[in-house]
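1. Mind looking at a prediction? Sequence and model below.
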Amino acid sequence: MTEIIVIGGGIAGTATALALHKAGLDVTVYEAHPESAEDLGAFLTLASNGMRALAQIDASAAVTEVGFPLRAMSVLDAAGTEVAQMELGEAHDPLLAYRCLRRGEFNAALQAEAARRGIGLRRGTRLASVENGRDGVTARFTDGSSATGDLLIGADGLNSTVRESIAPRTQPCFAGESVFYGYADEAPLVAETGRLTMVRGGAAAFGCAVSPGGETYWFARVAGEPLSADDIAHGTPGHWRGLLLPLLRADATPAADVVAATVDRIMVTNATEIPTGTPWHHGRTLIIGDAAHAASPATGQGASMALEDAVVLAKSLRDAPDTESALSLYEALRRPRVEHNITTSGKISRGSHTPSRTGQRAPAPRPGDSDLLQHLEWDVDLSTVAEGSSSVAAAGDGGRDAG
């Protein structure tokens, strides 16, 4: 294999390019937006598994220059009483501690690191179609240009054009709730910097964290019918604030005061997911990240799952004897874990699953931590992991049947 095309320069695509480059593969990223991709204004949390994946591709430094670490979590009930507190992930290790980041800043940091390593990133090239051939795969762009390679990886998000070429009948599904994000400069102090506060409200789930500069990052998840595309496109911060405050004021928690202090930076989206069993690859084309396995944000694992994808895919291509074997190996290793996350997160969003009374989030997606460490550890040969695991072989068979 000499040339890999990555469609999408967001978090999943750029991280994958970094991993492929480290594996000695030639890769070029094609991004539709003329500027940094995925700058939606919202923020995200990287869990320790996502931070571990970044460390394996030597990208930790680029990321720790933005955002701030989260080392502990408190859980409040609807009365505002703290019912649990705990350390988050591997807080003792600066490279593995949870991290809160603005999506756009995170994406820009990854792209800057890719540029530093000499990885090609071509902006303003929107994919129109994919043509699989016996000897290669061709991406055709809306400006009339094209690119041909040995493998095309679709990291083009929820409404993936690459996925249409693999699974044309697959559409993202509403996951049962709308998600609001905001930033408040003058909000009352809920907790010290480095602590994530989660509120189990009666009408909404709420979470917030305070940056070192005193800015409160917050989100609220509200179950119900999806907001219309027109509402989302034209809703104002005042409108969203007015919608949220009556729900949050029903509880005796700090959530309403934080939202009330948010003047002009409130964003909203519908939680969505990709149905489990969606085919991931066909011929020389593969989808990863949200294009393949988007989940509702309830478990907070979307970006971390994409970073895991990047490392496992690069290692699979490095370690397997040929491309088809590599894609089958990748799918066998990834499908059980990411689809468990889709299911678990969806149940939380729809209110059919309640996290444990200790206040911990949903159980970690399968496989277990010991398997994941092997999958991510750069010096571990994935072909030997697969040979020694009957569960991987069984998962691989199931994945191919689904495809």
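-> Arrived safely. Numbering: from 1, shown residues only.
2. got the contact list for the residue lying closest to residue 240 once chain neighbours are set aside?
-> Distances taken as C-beta to C-beta, 6 or more residues apart in numbering place residue 266 nearest to residue 240, at 4.5 Å, with adjacent residues excluded. For glycine as for every other residue, the C-beta is placed from the backbone atoms N, C-alpha and C. For residue 266, the contacting residues are 180-182, 237, 240-241, 259, by C-beta atoms under 8 Å, 6 or more residues apart in numbering.
3. and what of residue 66?
-> 101-102, 105-106, 109.
4. Take the residues you listed and keep only those in strands.
-> Counting by DSSP state E, these place 101-102 in strands.
5. what two of the contacts of residue 66 are the furthest from one another?
-> Spatially, the most separated pair among these is 102 and 109, at 10.2 Å (C-beta to C-beta).
6. Could you check what's spatially nearest to residue 69, not counting adjacent residues?
-> Per C-beta to C-beta, 6+ apart, closest to residue 69 is residue 97, 4.4 Å.
7. Can you check the pLDDT for that neighbour?
-> On the pLDDT scale, residue 97 is placed at 93.
8. Span of stretch 57-77 from start to end?
-> 39 Å (C-alpha to C-alpha, to the nearest Å).
9. what's the answer for stretch 70-90, then?
-> 10 Å.
10. check contacts around the nearest residue to residue 381 once chain neighbours are set aside.
-> Using C-beta to C-beta, 6+ apart and skipping the chain neighbours, the partner closest in space to residue 381 is residue 319 (5.1 Å). Each residue near residue 319 by C-beta under 8 Å, 6+ apart is listed here: 326, 329, 381-383.
11. would you list those residues in JSON lines and tack on secondary structure?
-> Shown next, in JSON lines, are the contacts of residue 319 (DSSP: H, G, I helix; E, B strand; the rest coil):
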{"residue": "326", "secondary structure": "helix"}
{"residue": "329", "secondary structure": "helix"}
{"residue": "381", "secondary structure": "coil"}
{"residue": "382", "secondary structure": "helix"}
{"residue": "383", "secondary structure": "helix"}
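12. Now restrict those to buried residues only.
-> 326, 329, 382-383 (16 or more other C-beta atoms under 10 Å).
13. Closest to residue 311 out of these?
-> residue 382 (10.0 Å).
14. what about the nearest residue to residue 132 once chain neighbours are set aside, neighbour count?
-> Closest residue to residue 132 apart from its sequence neighbours, by C-beta to C-beta, 6+ apart: residue 283 at 3.6 Å. Neighbourhood size, residue 283 [other C-beta atoms under 10 Å]: 19.
15. name the element the residue nearest to residue 203 when sequence neighbours are not counted belongs to?
-> Closest residue to residue 203 apart from its sequence neighbours, by C-beta to C-beta, 6+ apart: residue 247 at 4.1 Å. Element membership of residue 247, judged by DSSP states H and E, is helix 237-248.
16. List the first helix or strand encountered after that helix toward the C-terminus.
-> By DSSP H and E, the next helix or strand past helix 237-248 is helix 255-260.
17. Good, we can wrap up now.
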